[in-house]
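Undergrad: Output the structure for:
(chains A and B)
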Amino acid sequence: MAVEVRIPTILRSYTGNQKAVQGSGDTLAELLSDLDARHTGLKGRLITDEGALHRFVNIYVNDEDVRFLGSLDAKVSDGDTVTILPAVAGGALGLLAAAAYLGR
Amino acid sequence: MLTIDKAILDAIVAHARRDHPDEACGVVTGPIGADTPTRHIAMENVERSQTFYRFDPMEQLRVWREMDDLDEEPVVIYHSHTATEAYPSRTDVSYAGEPGAHYLLVSTREPEVTEVRSFRILDGVVTEEPVKLVGGGDELAVQSYMFGQTPTTVDYECRG
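TA: Below you'll find the model as predicted:
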């Protein structure tokens, strides 16, 4: 058993075009590090240099948004499905103003 | 070029008008690889803002799973600008995460005329494309829309 991770189109260049890959770990952070060992660079697209979840992506454990599960500390277990989606967002507001507005 | 059914574009514009002055957003899905938008889904703008939009992450998960089940992909991702032109902002470009999608922008700043323009956004590069309406049969009705006519490319990354 392992954790299935569903990869969005924009990140499939890191997984040899696979839509889903397998990984392991007790938390989301561990899972992403495990994946990065085989799919180099993937983690850097999901986590900022400061070590926070990137605002350009949504990550879900099963049916839950990880932002409500402790973010990178979210627990994962064998048999879980982790889904990564690009956040769909934007708008007329400038990027810095948008970042300030969102408080991240 | 984006080819889209007039009834779907009408529904997108109606959604943008309904939510004005807040930004409206949504997606039109279609069969994978066909480049044909067939199923319009008006999404909740969880920000309810006049200058920012974001799909509700839970609604997005539901819709994206549904697409998976139906062998569909997001063909069009649209949102409105309510006080500025229908052109992708830097924010739009930074967030553009669906390389295969047509990014459709609708400006509702003028009450009588709706500006509709379509773009590809790939690796920070914005490329405008023509919009072709099909299935309308009524040429006059199209005239309330103003389409961008000159394809241009803007590379934000090259502008310091």
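Undergrad: Near chain A, which residues of chain B are found?
TA: Residues of chain B lying close to chain A by CB under 8 Å from any CB of the partner chain are B:23, B:25, B:27, B:43, B:47, B:49-55, B:57-58, B:60-61, B:64, B:73, B:77, B:79, B:81-84, B:88-100. (Each C-beta comes from the backbone N, C-alpha and C, glycine too.)
Undergrad: In helices, which of those appear?
TA: Within the residues of chain B next to chain A, residues falling in helices by DSSP state H are B:57, B:58, B:60, B:61, B:64, B:90, B:91, B:92, B:93, B:94, B:95.
Undergrad: Can you report how many residues lie near residue 23?
TA: In the absence of a named chain, this looks at chain A. 21 (other CB atoms under 10 Å in any protein chain shown).
Undergrad: nope, chain B please
TA: 27.
Undergrad: what sits against it?
TA: Contacts for residue B:23 (CB atoms under 8 Å, 6 or more residues apart in numbering or on different chains) come out as A:91-92, B:45, B:47, B:49-53, B:79-82.
Undergrad: Could you list the low-pLDDT ranges of chain B?
TA: B:136-145, B:148-160 (pLDDT under 70).
Undergrad: I meant chain A, not that one.
TA: For chain A (pLDDT under 70), the answer is A:1, A:94-104.
Undergrad: which residues in it form helices?
TA: Per DSSP H, chain A carries helices over the ranges A:28-38, A:95-102.
Undergrad: The residue in chain A positioned nearest to chain B: neighbouring residues, count only.
TA: As assessed by CB to the nearest CB, chain B sits closest to residue A:86 within chain A, at 2.5 Å. For residue A:86, the count of nearby residues is 24 (other CB under 10 Å).
Undergrad: so it bridges to which residues?
TA: residue A:57 (DSSP bridges).
Undergrad: Now do the same for residue B:7: helix, strand or coil?
TA: Recorded secondary structure, residue B:7: helix (DSSP: H, G, I helix; E, B strand; the rest coil).
Undergrad: ok, now the one 4 residues further on?
TA: Using three-state DSSP, the secondary structure recorded for residue B:11 is helix.
Undergrad: ok, now which ones touch it?
TA: Taking CB under 8 Å, 6+ apart, we find residue B:11 in contact with B:40, B:42.
Undergrad: can you count the residues close to the residue of chain B at minimum distance from chain A?
TA: Scanning chain B for proximity to chain A using CB to the nearest CB identifies residue B:97 as nearest, at 2.5 Å. For residue B:97, the neighbour count with other CB under 10 Å is 20.
Undergrad: Check residue B:59 too.
TA: Around residue B:59 there are 13 other residues, counting by other CB under 10 Å.
Undergrad: measure it to residue B:12 for me?
TA: To residue B:12, residue B:59 is 17 Å away according to CB to CB, to the nearest Å.
Undergrad: Residue A:79 too?
TA: Counting by CB to CB - residue A:79 and residue B:12 are separated by 40 Å.
Undergrad: So between the two, which is more surrounded?
TA: Neighbour count, other CB under 10 Å: between residue A:79 and residue B:12, residue B:12 has more, with 25 against 10.
Undergrad: which non-adjacent residue is nearest residue A:90?
TA: Leaving aside its sequence neighbours, residue A:90 sits nearest to residue B:92 (CB to CB, 6 or more residues apart in numbering or on different chains; 3.6 Å).
Undergrad: For that neighbour, give me its contacts.
TA: Taking CB under 8 Å, 6+ apart, we find residue B:92 in contact with A:90, A:91, B:79, B:103, B:105, B:121.
Undergrad: List the buried residues in stretch A:46-65.
TA: A:46, A:47, A:53, A:55, A:56, A:57, A:58, A:59, A:60, A:61, A:65 (16 or more other CB atoms under 10 Å in any protein chain shown).
Undergrad: Do me a favour and get the end-to-end distance for it?
TA: 14 Å (CA to CA, to the nearest Å).
Undergrad: Can you give me the end-to-end span of stretch A:13-27?
TA: Using CA to CA, the end-to-end distance of stretch A:13-27 comes to 24 Å.
Undergrad: Report all helices and strands that the helix or strand containing residue B:121 contacts.
TA: If you go by DSSP states H and E, residue B:121 is part of strand B:114-122. Where contact means 3 or more CB pairs under 8 Å, 6 or more residues apart in numbering or on different chains; DSSP states H and E, strand B:114-122 is packed against helix B:6-19, strand B:102-107, strand B:125-129, strand B:131-134, strand B:145-147.
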